[in-house]
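**Q** Provided below are the primary sequence and the corresponding predicted coordinates.
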Amino acid sequence: MKLSKSFITTVLSVILLALSSCERVLEVEPEFNKDGSQIFTNLKDYEFALTGAYAAFRQVGYFGNGGQTSGTWGTLPDMMSDNIVQTGEDLANFQNQTNWEYTADEADIDLAWSSAYYVIGQANLVLRNIDRFTTEDAKKVNRLKGQALAIRGMVHFDLLRFWGESYERNSTAKGIPYKTSVDAEDLPSRLSVKETWDAIFKDMQEAETLLGDVDAAINSNTNKTKLDRNAVRALLARMHLYAKNYAEAETFATQVITAVPLASKTAFPEIWKDGSVAEVLWAVSFNPGEGTPSANIHAASTNRNRYRPSAPLEALYDKTNDIRYPAYIGTRVLSGNTRKIVNKHLGKGTALDNIVNWKALRTGEMYLIRAEARALQTGKESDALADLNALRAARIKEYTDVTLAGQALLDAIADERRRELFVEGHRWFDVKRTTKTIVRTDVALQSTVDSIGSTAREWNWPIPTSELDANANLKPQQTTGY
């Protein structure tokens, strides 16, 4: 793929430049004799490459925001849904995605695609030839390889979420290309959804096994910025829910819930200010100079409110007793006007700079995954209801358990996902995998499109034109309708 070729060129040029600078002091092998197998000569090199893979998640086009591009797997799925409302302060920066008007030559679509495969390229660098060090330090290899496999599997899953024409486990519909090497001449074709899932689960299951036998802890009690075994199990729970493997989704969610409890009512609001990592399973680290995951919703430093919470979303909360409401939604005054804002990602502590870690995986989601998975299995409705009530009791003061069954229970779980996971990158995908129905009853601009049909081509993104031009194997495999 074109992105892998450019990625390899960049990495090779940096490494060879460093080597050439040593020639004044000592003899080195000529640059033209360096091949890929000779680049990483010890496990420290692999560890450095893994750090680069994690850093790549901060890219504009992945979890980072910047210019006219929103974080593809961060804030954008809410911007494309009925959770938040585009305002006049946005200056139409994100109108194409908000209004589902993207095309194959859309710059943001191209950036999302290339950003994802760039991360995959970094993961593949870690995986290339690392097994030759197993006899030297098998547990360290497990730690590095397990994380790289998890990154590769997760990013391909994210691509499937936007580009896949189905999420059904055995669907023959169009999936995505699965990139497993750093070979610039490797130009993979688009797999079916089933084949894509096969590859994803292969990587994730191996990662989960390897990360159970490592040389050192991957995260600490105060830092959750890498994918450890709990995070991999959380991803597997999420993936199996999408694939409708409900028993497996329940199993993995249960493992995570057992290992990492929900945050207390006191700790929960501090999660969003990086004052606590309670129930956080994995967060993408953002520090000054590394971009921001959220400024394209409410730019805190300039008080520019591009997107506000929608009225139907706000109505879902018990505004008096639900601790999520003040943690997620607030008000700010500009020129004497009070406006509702999304204040979930405004900054660390009291800072107003949008520089805050992106919480990609939390235990709260695991309760909702398990509740939905149980509700869709015969004989497990009471367990599903118990999960729903347990999560609500953790978030709502003076909560009283409810009794629900059937579709009413499923609807309640769906509503709870909107409350709990607001602006965490889920809403568009939740609608796509369930009802494919969005009707916006709260809009602020005349230009806003207020609904999308269940059969619209826009539920699935087009492969970028530039990628089709670079990879002849994909030319006949464009997403249906484009």
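**A** That came through, no problem. Everything numeric in this text was worked out from a predicted model, so none of it was measured.
**Q** which residues of the stretch 201-350 of the chain score low on pLDDT?
**A** Low-confidence segments of the stretch 201-350 of the chain (pLDDT under 70): none present.
**Q** ok, which stretches of it are helices?
**A** For the stretch 201-350 of the chain, the helices defined by DSSP state H, counting those that start in this stretch occupy 229-242, 246-259, 268-271, 311-315, 324-328.
**Q** what packs against the third one?
**A** This points to helix 268-271. In terms of contacts (3 or more Cβ pairs under 8 Å, 6 or more residues apart in numbering; DSSP states H and E), helix 268-271 is packed against helix 324-328. In this view, the C-beta of every residue, glycine as well, is placed from N, C-alpha and C.
**Q** Now do the helix it packs on: distance to the chain's middle.
**A** 21 Å (Cα atoms, centre = their mean, to the nearest Å).
**Q** ok, now stretch 413-422?
**A** On Cα atoms, centre = their mean, the centre of stretch 413-422 falls 17 Å from that of its chain.
**Q** Same check on stretch 249-267?
**A** On Cα atoms, centre = their mean, the centre of stretch 249-267 falls 19 Å from the chain's centre.
**Q** May I have it as CSV, with CA atoms only?
**A** Output of stretch 249-267 as CSV, limited to C-alpha atoms (Å, rounded to 0.1, in the frame of the first residue of the first chain):
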residue,chain,number,x,y,z
ALA,A,249,-18.3,-10.8,24.4
GLU,A,250,-19.8,-11.7,27.8
THR,A,251,-16.7,-13.8,28.7
PHE,A,252,-14.1,-11.1,27.9
ALA,A,253,-16.2,-8.3,29.5
THR,A,254,-16.5,-10.4,32.7
GLN,A,255,-12.8,-10.9,32.9
VAL,A,256,-12.2,-7.2,32.7
ILE,A,257,-14.9,-6.3,35.2
THR,A,258,-13.5,-8.8,37.7
ALA,A,259,-10.0,-7.3,37.3
VAL,A,260,-10.8,-3.6,37.2
PRO,A,261,-13.8,-2.3,39.1
LEU,A,262,-15.9,0.8,38.3
ALA,A,263,-14.7,4.2,39.7
SER,A,264,-16.3,5.5,42.8
LYS,A,265,-18.6,8.5,42.6
THR,A,266,-15.8,10.7,43.9
ALA,A,267,-13.1,9.4,41.5
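**Q** Give the buried residues for it.
**A** Neighbour counts over stretch 249-267 (16 or more other Cβ atoms under 10 Å) mark 249, 250, 251, 252, 253, 254, 255, 256, 257, 260, 262, 263 as buried.
**Q** Stretch 475-482 now?
**A** For stretch 475-482, the neighbour count (16+ other Cβ under 10 Å) marks 477, 478, 479 as buried.
**Q** Where does the residue sitting nearest the centre point of the chain sit: helix, strand or coil?
**A** In the chain, the centroid-proximal residue (Cα atoms, centre = their mean) is residue 73; its distance is 4.6 Å. Classification of residue 73 using DSSP: H, G, I helix; E, B strand; the rest coil returns coil.
**Q** So it versus residue 106, what's the distance?
**A** 17 Å (Cβ to Cβ, to the nearest Å).
**Q** and if you look at residue 80?
**A** Going from residue 80 to residue 106 by Cβ to Cβ gives 13 Å.
**Q** Now for this protein: which helix has the highest residue count?
**A** Assignment by DSSP state H gives helix 138-163 as the longest helix of the chain.
**Q** quick one: average pLDDT of that helix?
**A** For helix 138-163, mean pLDDT rounds to 98.
**Q** Equivalent analysis for stretch 389-396, please.
**A** When pLDDT is averaged along stretch 389-396, the result is 98.
**Q** got a list of what residue 89 touches?
**A** Counting by Cβ atoms under 8 Å, 6 or more residues apart in numbering, residue 89 touches 304, 305, 306.
**Q** Please tell me how far residue 129 sits from residue 141.
**A** 11 Å.
**Q** Who has more neighbours out of the two?
**A** Neighbours per residue (other Cβ atoms under 10 Å) separate residue 129 from residue 141, with residue 141 holding more: 21 against 14.
**Q** How many residues are close by residue 449?
**A** 14.
**Q** ok, the closest residue to residue 482 other than its chain neighbours - how many residues close by?
**A** Take residue 482 and drop its neighbours on the chain: the residue closest to it by Cβ to Cβ, 6 or more residues apart in numbering is residue 462, 3.9 Å away. Residue 462: 23 surrounding residues under other Cβ under 10 Å.
**Q** Surely residue 462 and residue 110 touch.
**A** No: between residue 462 and residue 110 there is no contact under Cβ atoms under 8 Å: 9.9 Å.
**Q** How about residue 140: what's its closest non-neighbour residue?
**A** Of all residues not flanking residue 140 in the chain, residue 215 sits nearest, at 4.5 Å (Cβ to Cβ, 6+ apart).
**Q** any idea how far the one you found is from residue 281?
**A** Distance of residue 215 to residue 281, given as Cβ to Cβ: 21 Å.
**Q** returning to what we had before: kindly reformat the buried residues of stretch 249-267 as a markdown table containing distance to residue 192.
**A** Below are these laid out as a markdown table (distance: Cβ to Cβ, whole Å):
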| residue | distance to residue 192 |
| --- | --- |
| 249 | 21 |
| 250 | 26 |
| 251 | 26 |
| 252 | 24 |
| 253 | 27 |
| 254 | 30 |
| 255 | 29 |
| 256 | 29 |
| 257 | 33 |
| 260 | 35 |
| 262 | 38 |
| 263 | 40 |
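**Q** Among those residues, pick out the one closest to residue 179, please.
**A** When the buried residues of stretch 249-267 are ranked by distance to residue 179 (Cβ to Cβ), residue 252 comes first, at 24.9 Å.
**Q** Quick check: the closest one touching residue 236?
**A** Yes: proximity of residue 252 to residue 236 meets the contact threshold set by Cβ under 8 Å, at 4.4 Å.
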